[in-house]
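Undergrad: Structure for the following, please:
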Amino acid sequence: QVQLVESGGGLVQAGGSLRLSCAASGSFFSLNAMGWYRQAPGKQRELVAIITSGLVTNYVHSVKGRFTISRDNAKNTVYLRMNSLKPEDTAVYYCNAEALLFPGQTYPYDYWGQGTQVTVSS
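TA: Residues are numbered from 1 along each chain as shown. Have a look, this model is predicted:
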């Protein structure tokens, strides 16, 4: 099993910055893609950014140029650096990881963190 623990959320003024971290622990063989999703009140959860084990990244259009996703494979940790934050970035941010629990596993399992609140005031 894989546990994901997020940290780094909080309250920030518009234009400010935050860095989210998500550390994976537990018993697993490897981590594939890791990503950050967010869910604002009354809205569906959306993908914010994703990074593969080979460090290929992709972002939702609304955060391109402002957010940067990175990962430290040695620490099994993924980060989300958020700059130039806007009130519309306010949401609960969730970490996601695809994990292979044993060698030869064909399809990875999907795991989620508990979420961390990001609030951007205007």
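Undergrad: So what sits opposite the most centrally placed residue in the chain in the bridge?
TA: By CA atoms, centre = their mean, the chain has its centre lying nearest to Trp36, at 2.4 Å. Counting by DSSP bridges, Trp36 is bridged to Ala49, Cys95.
Undergrad: Tyr111 too?
TA: On the basis of DSSP bridges, Tyr111 is bridged to Ala97.
Undergrad: is it true that it touches Leu100?
TA: No: using CB atoms under 8 Å, Tyr111 makes no contact with Leu100, being 11.5 Å away. Where you see a C-beta, it was placed from the backbone N, CA and C, and this is true even at glycine.
Undergrad: thinking again about what came up before, can you pull the contacts of the residue nearest to the centre of the chain?
TA: Neighbouring residues of Trp36 by CB atoms under 8 Å, 6 or more residues apart in numbering: 20, 22, 47-50, 69, 78, 80, 93-96.
Undergrad: if we can go back for a sec, name the residue in Tyr111 and Leu100 with the higher neighbour count.
TA: Neighbours were tallied for Tyr111 and for Leu100 using other CB atoms under 10 Å; the higher tally belongs to Tyr111 (19 against 16).
Undergrad: Quick check: the more buried one vs Ser25, distance?
TA: 11 Å (CB to CB, to the nearest Å).
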